[in-house]
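> coordinates for the following, if possible.
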Amino acid sequence: MTRSGEDGHQEEQFLHAAEACELMIKFIKRGYELLVVHGNGPQVGNLLIQMEEAALKVPPFTLDACVAMTQGSMGYMLENSLVNALARHGIEKDVVTISSEVLVDRNDPMMKQPTKPIGPFFSHYRAKQLMAEHDWQMIEDSGRGWRKVVFSPKPIKILAVGSIRRMVEDGAVVIAGGGGGIPVYEATNGQFVGVEAVIDKDHTASLLARSVKADLFVILTEVDIVYYNYGTPNPEPLSKITIAQAKQHLKEGQFPPGSMGPKIVASIDFVEGGGKEVLITSAEMLEEALDRKTGTRIVRK
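Got it, this is the predicted structure:
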């Protein structure tokens with residue numbers, strides 16, 4: 001909802017939300033029920049900048065609270081846009097946004113080293129300034145610039161999954177797990193406590209898809225199809241691969257952890273967890289991909 005080169009104005013985000021909802025209408029017209037997961041990297045990044053600038057006047061919130069705040073604001077924009085799109089197409093459906101707490105393991109190895117890029121892209125010069133001034137840990141992200149990295153544990157359970165499942169089965173379009181969900185861990189007293197981390201949205205989407213026994217898990221990304229030897233003079237498009245082939249390509253380093261890697265791992269988890277099929281493609285080519293004219297499908301065998 002915030003694209004490269006944009007500032008993230010509310011009007012821009014509403015425009016992209018409306019575009020996304022037209023994609024959702026295509027699914028609904030094909031007879032699918034929808035469970036939607038969105039990212040929130042730029043939005044959380046901008047929110048953190050706002051809080052940093054106002055820290056002397058307004059106490060800043062923790063990262064888990066920031067995830068919750070963007071779930072609400074982005075969920076509202078998507079929900080409002082989809083309600084209007086459904087009305088234009090003469091479709092009667094409820095649209096519901098869920099504030100989603102997601103259980104993580106406080107002892108997850110991924111809580112030892114920050115790996116998840118969040119927020120806006122910075123030049124190398126500005127990144128060095130931020131690392132020196134704020135003790136941020138930052139990495140170069142896929143040739144697009146430098147970004148802050150935070151802890152990224154794997155999701156264990158979506159706390160409201162029972163309600164989410166029932167609403168989807170009742171025909172509502174449910175927006176859940178936004179930004180990967182609000183990370184919480186279970187304390188020794190049995191209480192759930194928020195933790196400053198970001199859960200990868202692809203892993204949460206995969207877990208949600210498995211939990212509701214989805215027929216199709218769709219991951220929209222910037223490329224129309226996944227490539228073997230991507231970025232080389234001889235890229236090979238992969239229209240269909242098995243989970244065994246996907247695992248082998250991961251071992252070969254074909255899918256970097258900062259870009260396609262989490263999507264492939266999430267796809268493997270979905271299929272191994274009982275899912276039938278994963279489709280990876282771009283928003284622009286979604287309809288062609290649903291007709292099997294493009295896109296990458298990941299299946300059991």
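
> can you map out the helices along the stretch 101-250 of the chain?
Along the stretch 101-250 of the chain, counting by DSSP state H, counting those that start in this stretch, helices occupy 124-134, 161-169, 201-211, 243-251.

> winner for burial among those?
Greatest average neighbour count among these goes to helix 201-211 (a mean of 24), per mean count of other C-beta atoms under 10 Å. To be clear about C-beta, it is placed using only N, CA and C from the backbone, and glycine gets the same treatment.

> how about it as CSV, C-alpha atoms only?
The C-alpha coordinates for helix 201-211 follow below in CSV (Å, rounded to 0.1, in the frame of the first residue of the first chain):
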residue,chain,number,x,y,z
LYS,A,201,3.9,-11.9,7.2
ASP,A,202,4.4,-14.8,4.8
HIS,A,203,4.9,-17.3,7.7
THR,A,204,1.8,-15.9,9.5
ALA,A,205,-0.2,-16.1,6.3
SER,A,206,1.0,-19.7,5.8
LEU,A,207,0.0,-20.6,9.4
LEU,A,208,-3.4,-18.9,8.9
ALA,A,209,-4.0,-20.7,5.6
ARG,A,210,-3.2,-24.1,7.2
SER,A,211,-5.4,-23.3,10.2
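
> and it, what does it pack onto?
For helix 201-211, the packing partners by 3 or more C-beta pairs under 8 Å, 6 or more residues apart in numbering; DSSP states H and E come out as strand 157-158, helix 161-169, strand 216-221, helix 261-272.

> who wins for proximity to Pro42 among those?
Closest approach to Pro42 among the helices and strands packed on helix 201-211 is made by strand 216-221 (15.5 Å; C-beta to C-beta).

> pairing partners for the closest one, with directions?
Using DSSP bridges, the strands paired with strand 216-221 in its sheet are strand 277-282 (parallel).

> just the angle between the partner strand and helix 243-251, please?
50 degrees (axes from the mean of the first three to the mean of the last three C-alpha atoms, to 10 degrees).

> beyond strand 277-282, next helix or strand please.
Counting by DSSP states H and E, the element after strand 277-282 in chain order, helix or strand, is helix 286-290.
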